[in-house]
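Novice: Pasting a predicted model and its sequence here:
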Amino acid sequence: MGNSSAKWRMRLGEGIVARGMFRHGDSVARDTLISTPGEPGQIWISSVARPEVEAELADRLRQRWNVEPWFARTPARCGDLVNSYAEPERMGVDRWLAMLGARNHCASRLCLVDAGSALTVDLVAAAGHHEGGYIIPGPALMERALLLDTDRVRFEESVDYNLRPGASTAEAVRHGIALAQAGAVALALKQAGSPTPTLFFCGGAGETLMQLLGQGGNYLPDLVFEGLEVMASDSGFVRLD
Ligand SMILES: Nc1ncnc2c1ncn2[C@@H]1O[C@H](COP(=O)(O)OP(=O)(O)OP(=O)(O)O)[C@@H](O)[C@H]1O
Ligand SMILES: CC(C)(CO)[C@@H](O)C(=O)NCCC(=O)O
Ligand SMILES: [K+]
């Protein structure tokens with residue numbers, strides 16, 4: 001559960017048998033989850049939503065399947081991944097789990113970009129310690145902030161994100177946001193220095209951002225799910241084999 005949407009997938013043995021997403025408040029899309037056939041023995045959740053939203057979802061899942069969902073919380077360490085926060089539980093568990101997931105794809109230094117409601121950029125050293133990260137407003141938040149606090153930044157057209165200088169309000173805003181998003185990642189990479197980290201992208205705008213940046217990388221939309229499975233098994237909560 002992110003700040004804009006919830007994503008879910010159902011695993012049966014080695015296979016993913018169903019998946020979906022719903023925006024908060026979209027009860028029709030949400031009910032696709034509730035009406036999915038199958039009898040999950042366990043339900044694992046990564047959430048950065050408010051406690052009331054978590055409680056409501058947990059209630060529905062309990063009613064539907066009679067299973068107590070397990071909410072992952074950010075720990076100080078998991079395996080060789082070590083949190084940099086003095087108060088580890090304050091780090092969004094989506095960031096933590098995506099890093100954990102990315103570590104399974106790559107043993108070297110890595111940079112993880114999650115382009116969701118917020119754009120997060122996190123660096124993990126080869127040995128596994130979190131070097132630190134950045135939290136930046138995502139494209140929709142940037143656009144809303146501009147519209148809220150200006151009178152004349154207004155437009156009707158829908159314009160794609162690209163890096164060319166804009167020749168209308170719509171282009172200047174959308175291209176400016178693209179520049180801010182890709183520029184932030186480029187500068188984070190410059191700041192990171194060497195060895196050059198392996199780049200990973202996830203989140204709703206991850207693929208677009210990877211293309212805008214043009215420095216290659218791996219777009220892996222399921223990194224949070226993958227990390228959730230690592231953490232659930234590491235917690236002794238379940239065995240996946
Ligand atoms: N294909 C796309 N191209 C460009 N921007 C996109 C695309 N898809 C989504 N976005 C933008 O990226 C941002 C994040 O997208 P989205 O809300 O789907 O992410 P998310 O990963 O579900 O977020 P969260 O996990 O925070 O709920 C939004 O501002 C959205 O407008
Ligand atoms: C930054 C977001 C919103 C990204 O989804 C989430 O990870 C979050 O709510 N984090 C809490 C603050 C932190 O990670 O330090
Ligand atoms: K996210």
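Specialist: Now that the structure is in, tell me what you want to look at. Numbers count the residues shown, from 1 in each chain. Ligands and ions are numbered 1, 2, ... in the order given.
Novice: from here on, contacts and neighbour counts on C-alpha atoms
Specialist: Will do.
Novice: Can you give me the domain assignment for the chain?
Specialist: 5-71, 77-228 (automatic domain parsing).
Novice: among these, which is the most enclosed?
Specialist: Most buried of those by mean neighbour count (mean count of other Cα atoms under 10 Å) is domain 77-228; its value is a mean of 18.
Novice: how far does it stretch from start to finish?
Specialist: Using Cα to Cα, to the nearest Å, one end of domain 77-228 lies 14 Å from the other.
Novice: quick check, it touching ligand 1?
Specialist: Yes - Domain 77-228 lies within reach of ligand 1 by Cα under 6 Å from any ligand atom, at 115-118, 138-140, 203-205, 208.
Novice: quick check, that domain touching ligand 2?
Specialist: Yes - remark: domain 77-228 sits within contact range of ligand 2 at 90-92, 94-95, 118, 135, by Cα under 6 Å from any ligand atom.
Novice: Narrow the residues of domain 77-228 next to ligand 1 to those in strands?
Specialist: Among the residues of domain 77-228 next to ligand 1, DSSP state E puts 115, 118 in strands.
Novice: circling back: among the domains of the chain, where is the model least confident on average?
Specialist: Among the domains of the chain, domain 5-71 carries the lowest mean pLDDT, a mean of 94.
Novice: what's the spacing between it and its chain's center?
Specialist: Computed by Cα atoms, centre = their mean, to the nearest Å, the separation of domain 5-71 from the middle of its chain amounts to 17 Å.
Novice: now swap in stretch 115-124 and tell me
Specialist: Mean-position distance between stretch 115-124 and its chain equals 7 Å (Cα atoms, centre = their mean).
Novice: Contacts for that stretch next, please.
Specialist: Contacts to stretch 115-124, defined as Cα atoms under 8 Å, 6 or more residues apart in numbering, come from residues 2-4, 95, 99, 109-114, 130-141, 181, 185, 188, 192, 197, 201-206, 209.
Novice: and Ala184, what element?
Specialist: Assigned by DSSP states H and E, Ala184 falls within helix 169-192.
Novice: What is that helix packed up against?
Specialist: The contact analysis (3 or more Cα pairs under 8 Å, 6 or more residues apart in numbering; DSSP states H and E) places helix 169-192 against strand 118-124, helix 139-148, helix 206-213.
Novice: one more time with 7 Å, if that's ok
Specialist: Judged by 3 or more Cα pairs under 7 Å, 6 or more residues apart in numbering; DSSP states H and E, the packing partners of helix 169-192 are helix 206-213.
Novice: distance between the helix or strand following the helix it packs on and the chain's centre?
Specialist: Once helix 206-213 ends, the next helix or strand along the chain (criterion: DSSP H and E) is strand 218-219. Strand 218-219 sits 13 Å away from the centroid of its parent chain (Cα atoms, centre = their mean).
Novice: go on, stretch 199-207?
Specialist: Counting by Cα atoms, centre = their mean, stretch 199-207 comes out at 8 Å from the chain centroid.
Novice: So what touches that stretch?
Specialist: Applying Cα atoms under 7 Å, 6 or more residues apart in numbering, the external contacts of stretch 199-207 come out as 110-116, 210, 217-221, 223.
Novice: Between the two ends of that stretch, how far is it?
Specialist: 12 Å.
Novice: which stretches of this protein form helices?
Specialist: 27-34, 51-65, 93-103, 139-148, 169-192, 206-213, 223-234 (DSSP state H).
Novice: related to what we said a few turns ago, would you mind giving the contacts of stretch 199-207 as TSV with distance to Pro40 added?
Specialist: As requested, the contacts of stretch 199-207 are exported to TSV (distance: Cα to Cα, whole Å):
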residue	distance to Pro40
Leu110	33
Cys111	33
Leu112	30
Val113	31
Asp114	28
Ala115	29
Gly116	28
Met210	35
Gly217	34
Asn218	30
Tyr219	28
Leu220	24
Pro221	22
Leu223	21
